[in-house]
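Visitor: Sequence first, then the predicted structure, then my questions.
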Amino acid sequence: MQNDLSNYRKSYEKSALTEETIKENPLEQFQKWFYEVEATDGLDEPNAMTISTIGLDGYPKNRVVLMKKYTHEGFIFYTNYNSEKGKAITNDPSTCLSFFWPNLERQVIIKGKAEKIAENLSDGYFESRPLGSQLGAMVSDQSDVIESREKLETKLKELERESEGKEIERPEHWGGYLVRPVSIEFWQGRPNRLHDRIRYTLQEDYNWKVERLQP
């Protein structure tokens, strides 16, 4: 079986990324781009990002998660700490995040170290989630093998009965991670595949070194 995709072509012409217009701080540049993506149509979840970790088996693995907050410190998402990604981060906190925003022909690639956020912050976010999402986080032993979909739904129904009328507390194995960036690259599609690539690299004095990369 084969499918030749060599004729797929697109000319990227929507914008440019120059040293004269970028922000000095990459988190501020990210915020600028994120606001612009939010203001345009054609993308359901601009906060969807790919996170890459190095698994316990030695292989890198990518999956899409939702960023729930970004600050001057970095990027926050939530997950099961006992999941495959959680175990990978415990073993090696080096991670890579990437955002792809095709409606503006942009992507952002972030290298950094992941760490658990404070428990009270995870508590606060968990309390803000809909009841179904809270119960889903409690009932799923994320990444573990299960016999069938029916088995999972049965577990959820049992938990719904047990939890009826009770306050739901965040399970200890579920919470947030903060990825502190050491490198952030902004990619803007340009004509003739001469794309703009600007990379910020964190220095020992906590200033950011800005470099243009060849496409």
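Guide: Nice, I can see it. Numbers count the residues shown, from 1 in each chain.

Visitor: all helices of the chain, in order?
Guide: For the chain, the helices defined by DSSP state H cover 26-38, 84-91, 119-128, 131-139, 149-163.

Visitor: Let me know which of these is tucked in deepest.
Guide: Comparing the helices of the chain by mean neighbour count (mean count of other CB atoms under 10 Å), helix 84-91 comes out on top with a mean of 18. C-betas here are computed from N, CA, C, even on glycine.

Visitor: C-alpha coordinates for that helix, CSV please?
Guide: What follows is helix 84-91, C-alpha atoms only, in CSV (Å, rounded to 0.1, in the frame of the first residue of the first chain):
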residue,chain,number,x,y,z
GLU,A,84,2.6,7.0,30.8
LYS,A,85,3.5,10.7,30.4
GLY,A,86,3.5,11.2,34.1
LYS,A,87,5.9,8.4,34.7
ALA,A,88,8.1,9.6,31.8
ILE,A,89,8.3,13.1,33.3
THR,A,90,9.2,11.7,36.7
ASN,A,91,12.0,9.7,35.1
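
Visitor: what packs against the lengthiest strand in the chain?
Guide: Ranked by residue count and defined by DSSP state E, the top strand of the chain is strand 174-188. Packing contacts for strand 174-188, counted by 3 or more CB pairs under 8 Å, 6 or more residues apart in numbering; DSSP states H and E, involve helix 26-38, strand 75-80, strand 106-116, helix 119-128, strand 196-202.

Visitor: you'd agree Arg190 is up against Lys10?
Guide: No: Arg190 is not in contact with Lys10 according to CB atoms under 8 Å; the separation is 11.8 Å.

Visitor: Roughly how far does Val182 sit from Leu202?
Guide: For Val182, the distance to Leu202 equals 5 Å [CB to CB, to the nearest Å].

Visitor: and if you look at Ile51?
Guide: For Ile51, the distance to Leu202 (CB to CB) stands at 19 Å.

Visitor: contacting residues for the spatially most central residue of the chain?
Guide: With distances taken as CA atoms, centre = their mean, the residue of the chain nearest its centroid is Met49 (3.7 Å). Counting by CB atoms under 8 Å, 6 or more residues apart in numbering, Met49 makes contact with 64-67, 75, 77, 97-99.

Visitor: Show me what it bridges to in the sheet.
Guide: Going by DSSP bridges, Met49 is paired in beta bridges with Val65.

Visitor: Tell me the spacing between the residue of the chain positioned farthest from its centre and Leu131.
Guide: Distance from the centre of the chain peaks at Gly165, with 33.9 Å (CA atoms, centre = their mean). Relative to Leu131, Gly165 is positioned 12 Å away (CB to CB).

Visitor: ok, now Ala137?
Guide: Distance from Ala137 to Leu131, by CB to CB: 11 Å.

Visitor: Per-residue pLDDT of Met1, please?
Guide: The score at Met1 is 83. That number is its pLDDT.

Visitor: How about Glu211: what's its closest non-neighbour residue?
Guide: In this structure, Glu211 finds its nearest non-sequential neighbour in Arg199, 5.2 Å apart by CB to CB, 6 or more residues apart in numbering.
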